[in-house]
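**Q** A predicted structure for the sequence below; I have some questions about it.
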Amino acid sequence: MRIVVVHSFYSAAQSSGENAVVLDQVTALRSGGHDVHLIARETDSVGGGWLYPVASALTAATGVGSDPCASLDVLQPDIVHVHNTFPNWGTRWTREWSGRLVTTVHNFRPVCASAILFREGHDCQACLEHPVLPAVHYRCYRESVVATVPLALASRPGGPLRTMLARSAEVVVLNPYAQTLYERVLGRQVRLVPNFVHSSEEPPAASRRGWLYVGRLTEEKGIKQLLADWPEGEPLDVFGAGPLEAEIRHLAREREGVRIRGQMGREDVVSSISSSEGLVVPSLWREGLPTTILEAMSVGRPSVVSSRVAVAGVLRDQGAAVVYTPGDPSSLAAALAHVRGHRASLEASCLSAHQAHYSQSAWLGAIEQVYSAVRGRLSHVDRTDR
C-alpha cells in the first residue's frame with residue numbers, strides 16, 4: 001500500500017512527543033512492507049522571518065496555505081495520513097483528497113484554541129458551547145488575544161481544523177475520552193488506535209531508585225501540585241523544562257529528596273525510568289496517552305497516575321498503573337505504597353499490556369484495518385461509477 005504521511009513538525013525547542021511518534025509510525029509502516037512517503041514542514045526550517053507569525057496565523061484561521069498536492073499528484077497514494085497541520089500546512093487541499101484521508105488527532109486543537117480543554121485549573125469546554133469568544137476573552141493561546149484569534153476561528157464549527165476532520169474518510173484518536181468527545185462533535189464514528197513505543201531490547205534494571213516525573217513544567221501538567229503532595233524524603237527526579245522551571249527549582253529546594261534534572265534525551269529518560277520505582281504522571285487536564293507512560297510499560301515499570309488523566313481507568317484495569325487524586329497527599333502516598341507492595345505483579349502486567357495494546361505490532365495491525373476500510377470504500381465507489 002502506498003501511504004503518504006503529512007505532518008507539521010513543531011520546533012525542536014518545544015519538547016514534542018508527537019514528532020517522535022510520527023517518525024516511529026513511518027518506520028513501523030515501512031517495516032510492515034508499505035511504500036511510505038513523509039511530506040513534512042518543519043517550524044525550525046520555515047519559521048524564520050518577521051512575516052512568519054502573520055502567515056501562519058492567516059493559514060490557521062482560513063485554511064489557506066502551503067499544501068502537498070503537487071507531491072500527492074505525482075505519488076498517487078492509496079492513503080493520505082495527516083497528523084498535524086498547525087502551523088505550517090493549510091487544510092483546504094484536504095477537500096481534494098478527502099476520500100483517501102485519514103487524520104490522527106493527538107490533542108483537542110480542532111475544538112479548543114489551547115488544545116487541552118483546560119483553563120485556570122479546571123476542565124473547560126466553553127468553546128464547544130459558544131465558539132470563539134470565550135477563547136479570545138481568556139487569551140487561551142499563549143495568553144495573547146492576537147495569537148488566540150486565529151486558532152479560535154480554526155477550531156470553531158465550520159473552521160478549517162474542524163472541517164478537515166469532517167471531510168476525513170477516517171478520524172483516529174488515542175484514548176476513549178477523546179473518542180467520545182469527537183464522536184459527539186462530529187456526529188460519526190471515530191477510530192481508537194493508541195500510539196505505540198518499541199519494546200525494550202534490554203531487560204529492566206534489577207535495581208530501583210526513587211520515582212520519576214517526565215514532562216513539561218507547566219500548570220496543566222500538575223508538577224506544582226505534585227511537589228505540594230509529595231511525601232517528605234521520598235526520592236523524586238524531575239525531568240523537563242518549561243515556563244514554571246524557576247518556580248519548580250525553588251520549590252524543590254524545600255523538598256528533601258526532590259532533584260530537578262532538566263531536559264534529557266529520549267534514550268536517557270527511558271534508561272532512568274528502567275532503574276526507577278516507576279513513573280508519576282500528575283496531570284490536571286484530560287491528558288490522553290503520554291508517551292512516557294508507554295515507555296515505562298515497555299521496560300516493566302508501573303505508573304502512578306492522576307485521576308484526571310483520560311486513560312487512568314484503562315491503565316488501572318490493564319494493571320499498568322495505580323490511580324491517585326491530585327491534591328490529596330494521602331492518596332498519593334497510598335499509591336506509591338501500593339506499587340511497592342505489588343511490584344512483581346504490576347511489572348508483569350506492564351510488559352503484558354504493552355505487548356498486547358501498545359507495541360509496534362499492535363499498532364500496525366490496528367492502523368492497517370483503518371486503511372483497509374478506506375480502500376474498501378474507494379473500491380466500492382469505483383465499482384459504482386462504472
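**A** Right, received. Where do you want to start? Fair warning: this is a prediction, and the values are worked out from it, not measured in the lab.
**Q** okay, and the beta partners of L101?
**A** Taking DSSP bridges as the rule, L101 bridges to V80.
**Q** so it sits against H83, correct?
**A** No - L101 is not in contact with H83 according to C-beta atoms under 8 Å; the separation is 11.9 Å. Backbone N, C-alpha and C define where each C-beta goes, glycine included.
**Q** for the residue most central in space within the chain, give me its contacts.
**A** Against the mean C-alpha coordinate of the chain, by C-alpha atoms, centre = their mean, the closest residue is H106 at 4.5 Å. Applying C-beta atoms under 8 Å, 6 or more residues apart in numbering, we find H106 in contact with E18, V21, H83, N84, L174, G288.
**Q** and for R266?
**A** By C-beta under 8 Å, 6+ apart, R266 lies in contact with A20, E295.
**Q** try it again at 7 Å.
**A** Applying C-beta atoms under 7 Å, 6 or more residues apart in numbering to R266 gives the contacts A20.
**Q** tell me how far it lies from S272.
**A** 11 Å (C-beta to C-beta, to the nearest Å).
**Q** in stretch 340-358, what counts as buried?
**A** Residues R343, L346, E347, S349, C350, L351, A353, H354, H357, Y358 are the ones in stretch 340-358 that count as buried (16 or more other C-beta atoms under 10 Å).
**Q** what's the closest of those to P150?
**A** Set against P150, the nearest of those by C-beta to C-beta is Y358 (34.4 Å).
**Q** same question for the host helix or strand of L128, mean pLDDT?
**A** Assigned by DSSP states H and E, L128 falls within helix 126-129. Taken as a whole, helix 126-129 has a mean pLDDT of 96.
**Q** which other residues reach it?
**A** By C-beta under 7 Å, 6+ apart, helix 126-129 touches V111, C112, A113, P134, A135, A152, S155.
**Q** if I pick the second one, what's in contact with it?
**A** The one in question is C112. C127, S155.
**Q** roughly how far apart are it and S98?
**A** Distance of C112 to S98, computed by C-beta to C-beta: 23 Å.
**Q** you'd agree A353 is in a helix?
**A** Yes - with DSSP: H, G, I helix; E, B strand; the rest coil as the criterion, A353 is part of a helix.
**Q** which non-adjacent residue is nearest it?
**A** Distances taken as C-beta to C-beta, 6 or more residues apart in numbering place Q318 nearest to A353, at 4.1 Å, with adjacent residues excluded.
**Q** how close does the one you found sit to H354?
**A** The value you get for Q318 to H354, if C-beta to C-beta is used, is 9 Å.
**Q** before we move on, back to that, export the contacts of helix 126-129 as CSV, with columns for secondary structure, pLDDT and distance to V281.
**A** Output for those, formatted as CSV (DSSP: H, G, I helix; E, B strand; the rest coil; pLDDT from 0 to 100; distance: C-beta to C-beta, whole Å):
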residue, secondary structure, pLDDT, distance to V281
V111, coil, 97, 23
C112, coil, 98, 21
A113, coil, 97, 24
P134, helix, 97, 28
A135, helix, 98, 27
A152, helix, 98, 29
S155, coil, 97, 26
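**Q** shouldn't the residue nearest to the centre of the chain be within a strand?
**A** No - checked against three-state DSSP, H106 lies outside a strand; its state is coil.
**Q** could I get the full set of strands for the stretch 101-250 of the chain?
**A** 101-104, 118-119, 122-123, 170-173, 191-192, 211-214, 236-239 (DSSP state E, counting those that start in this stretch).
**Q** direction included, what does the third one pair against?
**A** Based on DSSP bridges, the strands next to strand 122-123 in the sheet, each with its direction, are strand 118-119 (antiparallel).
**Q** before we move on, the earlier item: between the strands of the stretch 101-250 of the chain, which gets nearest to S276?
**A** Using C-beta to C-beta, these put strand 211-214 closest to S276, at 4.9 Å.
**Q** list the contacts of the closest one.
**A** For strand 211-214, the surrounding residues in contact (C-beta under 7 Å, 6+ apart) are 223, 226, 235-240, 269, 272-273, 276-280, 292.
**Q** okay, now the sheet partners of that strand, with direction.
**A** Applying DSSP bridges, strand 211-214 is found paired with strand 236-239 (parallel), strand 278-281 (parallel).
**Q** hey, which of those is tucked in deepest?
**A** Of the strands paired with strand 211-214, the one with the most neighbours on average (mean count of other C-beta atoms under 10 Å) is strand 278-281, at a mean of 27.
**Q** give me the nearest residue to V111, chain neighbours excluded.
**A** If the residues on either side of it in the chain are set aside, V111 comes closest to S155, at 5.4 Å by C-beta to C-beta, 6+ apart.
**Q** give me phi/psi at the residue nearest to the centre of the chain?
**A** phi -90, psi -10 (degrees, to the nearest 10).
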